[in-house]
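Participant: with the sequence up front, the predicted model follows.
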Amino acid sequence: MSKGEIIDFNVLRIQNDLDQFQRTKTIPHSLLEGTYDIEEIKYVYYNKLPAKYQKIADKIYKEYHEKIDESLETLKQAMKKDYARVVKNMATEHESFYFKEIMNSYRPTMNPIRALYYQTRDVIRRYNPEHPYHYWLLDLVKDLEFNNIILDALKKDIGKLERVIKRYYFPLVKKTEGIPLEMFHAKQQLKDFRHYYQFFRGIKDWQPDE
(Lines give C-alpha, C1' and ligand atoms only; values in the text may rest on other atoms or scores of the structure.)
Protein backbone atom coordinates (compact mmCIF):
# COMPACT_ATOMS: atom_id res chain seq x y z
CA MET A 1 0.00 0.00 0.00
CA SER A 2 1.44 3.36 -1.05
CA LYS A 3 2.09 6.11 1.48
CA GLY A 4 -0.92 8.30 2.06
CA GLU A 5 -3.35 5.84 0.49
CA ILE A 6 -6.69 5.78 2.28
CA ILE A 7 -7.49 2.46 3.91
CA ASP A 8 -10.96 1.12 3.17
CA PHE A 9 -11.73 -0.87 6.30
CA ASN A 10 -14.82 -2.37 4.68
CA VAL A 11 -12.60 -3.96 2.04
CA LEU A 12 -10.26 -5.29 4.75
CA ARG A 13 -13.19 -6.78 6.62
CA ILE A 14 -14.55 -8.39 3.47
CA GLN A 15 -11.15 -9.87 2.72
CA ASN A 16 -11.01 -11.28 6.23
CA ASP A 17 -14.47 -12.84 5.76
CA LEU A 18 -13.45 -14.25 2.39
CA ASP A 19 -10.36 -15.79 4.02
CA GLN A 20 -12.65 -17.33 6.65
CA PHE A 21 -14.92 -18.74 3.93
CA GLN A 22 -11.91 -20.21 2.14
CA ARG A 23 -10.72 -21.90 5.34
CA THR A 24 -14.03 -23.15 6.72
CA LYS A 25 -16.11 -23.54 3.54
CA THR A 26 -19.02 -21.91 5.39
CA ILE A 27 -20.66 -18.54 4.70
CA PRO A 28 -19.56 -15.95 7.34
CA HIS A 29 -22.11 -14.74 9.91
CA SER A 30 -21.52 -11.14 8.76
CA LEU A 31 -23.37 -12.05 5.57
CA LEU A 32 -26.02 -14.25 7.14
CA GLU A 33 -26.66 -11.73 9.93
CA GLY A 34 -26.90 -8.76 7.57
CA THR A 35 -23.82 -6.76 8.58
CA TYR A 36 -23.59 -6.17 4.85
CA ASP A 37 -25.24 -8.05 2.02
CA ILE A 38 -23.76 -10.11 -0.77
CA GLU A 39 -24.74 -7.54 -3.40
CA GLU A 40 -22.45 -4.98 -1.77
CA ILE A 41 -19.50 -7.31 -2.26
CA LYS A 42 -20.50 -7.96 -5.86
CA TYR A 43 -21.36 -4.44 -6.98
CA VAL A 44 -19.69 -2.01 -4.55
CA TYR A 45 -16.46 -3.59 -3.34
CA TYR A 46 -15.66 -6.21 -5.98
CA ASN A 47 -13.35 -4.02 -8.08
CA LYS A 48 -11.52 -2.89 -4.95
CA LEU A 49 -10.54 -6.47 -4.12
CA PRO A 50 -7.28 -8.08 -5.30
CA ALA A 51 -7.75 -10.72 -8.02
CA LYS A 52 -7.25 -13.49 -5.46
CA TYR A 53 -10.22 -12.28 -3.42
CA GLN A 54 -12.38 -11.64 -6.48
CA LYS A 55 -12.20 -15.36 -7.26
CA ILE A 56 -13.27 -16.24 -3.71
CA ALA A 57 -16.03 -13.60 -3.91
CA ASP A 58 -17.38 -15.21 -7.09
CA LYS A 59 -17.54 -18.55 -5.32
CA ILE A 60 -19.23 -17.23 -2.17
CA TYR A 61 -21.73 -15.25 -4.27
CA LYS A 62 -22.83 -18.42 -6.07
CA GLU A 63 -23.00 -20.49 -2.90
CA TYR A 64 -24.89 -17.81 -0.98
CA HIS A 65 -27.67 -17.66 -3.56
CA GLU A 66 -27.92 -21.43 -3.70
CA LYS A 67 -28.20 -21.58 0.08
CA ILE A 68 -30.84 -18.85 0.22
CA ASP A 69 -32.93 -20.49 -2.51
CA GLU A 70 -32.94 -23.72 -0.54
CA SER A 71 -33.95 -22.14 2.77
CA LEU A 72 -36.48 -19.39 1.99
CA GLU A 73 -39.25 -20.92 4.09
CA THR A 74 -36.88 -21.37 7.02
CA LEU A 75 -35.82 -17.72 6.68
CA LYS A 76 -39.43 -16.57 6.70
CA GLN A 77 -40.11 -18.42 9.92
CA ALA A 78 -36.88 -17.12 11.47
CA MET A 79 -37.80 -13.56 10.51
CA LYS A 80 -41.24 -13.89 12.11
CA LYS A 81 -39.73 -15.23 15.33
CA ASP A 82 -37.03 -12.55 15.47
CA TYR A 83 -39.54 -9.77 14.88
CA ALA A 84 -41.90 -11.19 17.50
CA ARG A 85 -39.02 -11.27 19.97
CA VAL A 86 -38.23 -7.62 19.27
CA VAL A 87 -41.87 -6.56 19.68
CA LYS A 88 -42.17 -8.49 22.94
CA ASN A 89 -39.08 -6.86 24.46
CA MET A 90 -39.30 -3.26 23.32
CA ALA A 91 -37.70 -0.63 25.51
CA THR A 92 -40.50 1.78 24.51
CA GLU A 93 -43.04 -0.55 26.16
CA HIS A 94 -41.58 0.02 29.64
CA GLU A 95 -44.12 0.77 32.34
CA SER A 96 -42.51 4.14 33.02
CA PHE A 97 -44.07 5.44 29.78
CA TYR A 98 -47.62 4.46 30.74
CA PHE A 99 -49.73 7.35 32.01
CA LYS A 100 -53.43 6.79 32.69
CA GLU A 101 -54.21 10.35 31.60
CA ILE A 102 -52.76 9.53 28.16
CA MET A 103 -53.58 5.85 27.66
CA ASN A 104 -57.29 6.35 28.47
CA SER A 105 -57.59 7.84 24.97
CA TYR A 106 -56.12 4.82 23.20
CA ARG A 107 -56.41 1.06 23.06
CA PRO A 108 -54.63 -0.60 26.02
CA THR A 109 -52.15 -2.43 23.76
CA MET A 110 -50.87 0.69 22.00
CA ASN A 111 -47.18 1.41 22.42
CA PRO A 112 -47.10 4.10 25.17
CA ILE A 113 -44.51 6.26 23.40
CA ARG A 114 -46.64 6.17 20.26
CA ALA A 115 -49.57 7.38 22.38
CA LEU A 116 -47.34 9.99 24.02
CA TYR A 117 -46.33 11.24 20.58
CA TYR A 118 -49.93 11.56 19.36
CA GLN A 119 -51.02 13.37 22.51
CA THR A 120 -48.07 15.75 22.48
CA ARG A 121 -48.51 16.52 18.79
CA ASP A 122 -52.18 17.29 19.39
CA VAL A 123 -51.48 19.50 22.41
CA ILE A 124 -48.84 21.66 20.69
CA ARG A 125 -51.26 22.23 17.80
CA ARG A 126 -53.88 23.71 20.13
CA TYR A 127 -51.79 24.63 23.16
CA ASN A 128 -53.58 26.53 25.93
CA PRO A 129 -51.26 27.51 28.83
CA GLU A 130 -54.27 27.73 31.12
CA HIS A 131 -55.29 24.14 30.44
CA PRO A 132 -53.85 21.95 33.28
CA TYR A 133 -53.46 18.89 31.06
CA HIS A 134 -51.63 20.84 28.35
CA TYR A 135 -49.25 22.31 30.89
CA TRP A 136 -48.63 18.94 32.56
CA LEU A 137 -47.96 17.08 29.30
CA LEU A 138 -45.55 19.65 27.86
CA ASP A 139 -43.75 19.90 31.19
CA LEU A 140 -43.40 16.10 31.19
CA VAL A 141 -41.97 15.60 27.70
CA LYS A 142 -39.69 18.65 27.91
CA ASP A 143 -38.17 17.54 31.21
CA LEU A 144 -34.52 16.88 30.35
CA GLU A 145 -34.18 13.62 32.27
CA PHE A 146 -37.46 12.12 31.08
CA ASN A 147 -36.86 13.31 27.52
CA ASN A 148 -33.48 11.55 27.49
CA ILE A 149 -35.14 8.36 28.75
CA ILE A 150 -37.64 8.53 25.87
CA LEU A 151 -34.88 9.08 23.32
CA ASP A 152 -32.77 6.26 24.76
CA ALA A 153 -35.69 3.81 24.57
CA LEU A 154 -36.46 4.81 20.99
CA LYS A 155 -32.81 4.50 20.02
CA LYS A 156 -32.63 0.97 21.43
CA ASP A 157 -35.77 -0.16 19.59
CA ILE A 158 -34.65 1.51 16.36
CA GLY A 159 -31.42 -0.49 16.56
CA LYS A 160 -33.30 -3.75 17.12
CA LEU A 161 -35.63 -3.11 14.17
CA GLU A 162 -32.75 -2.13 11.92
CA ARG A 163 -30.94 -5.37 12.68
CA VAL A 164 -33.98 -7.53 11.92
CA ILE A 165 -34.70 -5.72 8.66
CA LYS A 166 -31.11 -5.78 7.46
CA ARG A 167 -30.71 -9.46 8.35
CA TYR A 168 -33.69 -10.58 6.28
CA TYR A 169 -34.50 -7.83 3.78
CA PHE A 170 -32.33 -8.94 0.86
CA PRO A 171 -33.05 -12.67 0.85
CA LEU A 172 -36.78 -12.25 1.47
CA VAL A 173 -37.55 -9.21 -0.68
CA LYS A 174 -35.25 -9.98 -3.60
CA LYS A 175 -35.76 -13.73 -3.72
CA THR A 176 -39.48 -14.27 -3.16
CA GLU A 177 -42.88 -12.62 -3.64
CA GLY A 178 -44.29 -14.15 -0.46
CA ILE A 179 -42.82 -11.53 1.85
CA PRO A 180 -43.96 -11.96 5.49
CA LEU A 181 -46.23 -9.20 6.77
CA GLU A 182 -43.81 -8.85 9.67
CA MET A 183 -41.27 -7.31 7.28
CA PHE A 184 -43.72 -4.56 6.29
CA HIS A 185 -44.67 -4.03 9.94
CA ALA A 186 -41.02 -3.79 10.95
CA LYS A 187 -40.24 -1.25 8.23
CA GLN A 188 -43.25 0.90 9.10
CA GLN A 189 -42.47 0.76 12.81
CA LEU A 190 -38.86 1.71 12.13
CA LYS A 191 -40.03 4.69 10.07
CA ASP A 192 -42.42 5.74 12.86
CA PHE A 193 -39.85 5.38 15.63
CA ARG A 194 -37.29 7.42 13.71
CA HIS A 195 -39.91 10.15 13.33
CA TYR A 196 -40.79 10.01 17.03
CA TYR A 197 -37.10 10.27 17.91
CA GLN A 198 -36.73 13.49 15.90
CA PHE A 199 -39.99 14.83 17.32
CA PHE A 200 -39.07 14.29 20.96
CA ARG A 201 -35.51 15.49 20.43
CA GLY A 202 -36.87 18.76 19.11
CA ILE A 203 -39.73 19.19 21.59
CA LYS A 204 -37.35 20.52 24.27
CA ASP A 205 -36.93 23.70 22.20
CA TRP A 206 -40.61 24.14 21.39
CA GLN A 207 -42.22 27.34 22.58
CA PRO A 208 -45.86 28.40 22.17
CA ASP A 209 -46.63 31.24 19.79
CA GLU A 210 -46.99 34.55 21.52
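Facilitator: That came in fine, so what should we check first? Residues are numbered from 1 along each chain as shown.

Participant: show the average pLDDT along the strand or helix carrying A186.
Facilitator: In the assignment (DSSP states H and E), A186 maps to helix 181-203. What helix 181-203 shows for mean pLDDT is 95.

Participant: show me the domain layout of this structure.
Facilitator: Recorded structural domains for the chain (assignment: automatic domain parsing) are 9-70, 73-203.

Participant: among these, which is nearest D209?
Facilitator: domain 73-203 (8.3 Å; C-beta to C-beta). Heads up, the C-betas are built off the backbone N, CA and C, glycines and all.

Participant: span of the closest one from start to end?
Facilitator: 44 Å (C-alpha to C-alpha, to the nearest Å).

Participant: in terms of secondary structure, what does the helix ranked longest in the chain contact?
Facilitator: Secondary structure of the chain per DSSP state H: the longest helix is helix 144-175. Judged by 3 or more C-beta pairs under 8 Å, 6 or more residues apart in numbering; DSSP states H and E, helix 144-175 is in contact with helix 51-70, helix 72-88, helix 112-125, helix 132-142, helix 181-203.

Participant: chain center to that helix, what's the gap?
Facilitator: Chain-centre distance of helix 144-175: 3 Å, with C-alpha atoms, centre = their mean, to the nearest Å.

Participant: center of the chain, which residue is that?
Facilitator: With the centre of the chain defined as its mean C-alpha position, the nearest residue by C-alpha atoms, centre = their mean is E162, 1.8 Å away.

Participant: any idea which helix or strand carries T109?
Facilitator: Per DSSP H and E, there is no helix or strand for T109.

Participant: gap between the most far-flung residue of the chain relative to its centre and P208?
Facilitator: The outermost residue of the chain relative to its centre, with distances by C-alpha atoms, centre = their mean, is E130 at 39.7 Å. E130 is 11 Å from P208, where distance means C-beta to C-beta, to the nearest Å.

Participant: which among the helices and strands packed on helix 144-175 is found nearest to H94?
Facilitator: Once the helices and strands packed on helix 144-175 are compared by C-beta to C-beta, helix 112-125 is nearest, at 8.0 Å.

Participant: for the closest one, packing partners?
Facilitator: helix 100-103, helix 132-142, helix 144-175, helix 181-203.

Participant: what's it in contact with?
Facilitator: 92-94, 97-99, 102-103, 105-106, 133-134, 137-138, 141, 150, 153-154, 192, 196, 199-200, 203, 206, 208 (C-beta atoms under 8 Å, 6 or more residues apart in numbering).

Participant: buried ones only from the residues you listed, please, as a PyMOL command.
Facilitator: Per 16 or more other C-beta atoms under 10 Å, the buried members of the contacts of helix 112-125 correspond to this PyMOL selection:
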select buried, resi 92+93+97+102+103+134+137+138+141+150+153+154+192+196+199+200+203
